[in-house]
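> Here is my input, please return the structure:
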Amino acid sequence: MKGVLLVISGPSGVGKTTLVKKFLEEFKDEVVFSISCTTRKPRPGEVHGKDYFFVSKEEFEKMIKKDELLEWAIVHGNYYGTPKSFIYENLLKGKSILLDIDPHGAFQIKEKMKDAVLIFILPPSWEELRKRLLKRKSESEEEIKKRLAQAREEIMVSKEYDYLIVNDEVNKAYNQLKSIYIAEKRKTNRVLANIEKEIKDSYLISLIKGEGK
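Residues are numbered from 1 along each chain as shown. Now for the predicted structure:
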């Protein structure tokens, strides 16, 4: 079956990391997490090659010049981007791919890959988003102000996404994410791409494809 390219976005502090972790744990045999390149410094606990590929500004700019990125953007003063080779290689293997990127990158991908599924995670309220950022204690007050300003811009374009999920209660939000993925896997174009793996009757297959008589 043809893999699904899932693109998840949402403001810092909305809970994307928790949802993504739960999703990858449940679908570890069929979904691959796309590791982005970034020029920002690693946060405590982050591992190079697992959370991000941490590269220098010079290295990143070389990748841009060589057209090695499917999308890239500058967020909070740092470069972020998705390597093309990783995406294409895994989709060809029939794997689904999950990306956690900002709206600018999401729209770049949607423009190049029309069947990409864009999902935006929203906070239940503006005050709750602010509380979650403060609770992390990983950014200064000035950095939090910048992230809230960025959040306003991101939320304003969320209506352009295919799906919206409000992360008020984690399990509820996760079940909605899971349901979207399961439904997208059964889209006609994805199933038809490898129908022979599910149905062995050649005559039935020809009817489904509109080739039978």
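
> where along this protein do the helices fall?
Ranges of helices in the chain, per DSSP state H, are 16-26, 57-65, 84-92, 103-112, 126-136, 141-156, 170-185, 188-193, 202-208.

> number of nearby residues for Glu61?
Burial of Glu61 is recorded as 14 neighbouring residues (other C-beta atoms under 10 Å). Where you see a C-beta, it was placed from the backbone N, CA and C, and this is true even at glycine.

> what do you get for the one 5 residues further on?
Applying other C-beta under 10 Å, we find 8 residues neighbouring Lys66.

> so where's the protein shaky on pLDDT?
For the chain, the stretches flagged by pLDDT under 70 are 1, 212-213.

> The same query, at a cut-off of 80, please.
For the chain, the stretches flagged by pLDDT under 80 are 1-2, 75-76, 136-140, 212-213.

> and Tyr52, what is it in contact with?
Contacts for Tyr52 (C-beta atoms under 8 Å, 6 or more residues apart in numbering) come out as Ile35, Ser36, Cys37, Thr38, Arg40, Pro42, Glu46.

> From these, list the buried ones, please.
Ile35, Ser36, Cys37, Thr38 (16 or more other C-beta atoms under 10 Å).

> tally of neighbours for Glu139?
17.

> how far away is it from Lys22?
Between Glu139 and Lys22 the distance is 24 Å, computed by C-beta to C-beta, to the nearest Å.

> Contact partners for the spatially closest residue to Ile195 that is not a sequence neighbour?
Once flanking residues are discounted, Ile195 sits nearest to Ile205: 5.8 Å by C-beta to C-beta, 6 or more residues apart in numbering. Going by C-beta under 8 Å, 6+ apart, Ile205 touches Ile195, Glu196, Ile199.

> Tell me the most packed of those, by neighbour count.
That'd be Ile195 among these, by other C-beta under 10 Å, with 14 neighbours.

> which residues touch that one?
By C-beta under 8 Å, 6+ apart, Ile195 lies in contact with Ile205, Ile208, Lys209.
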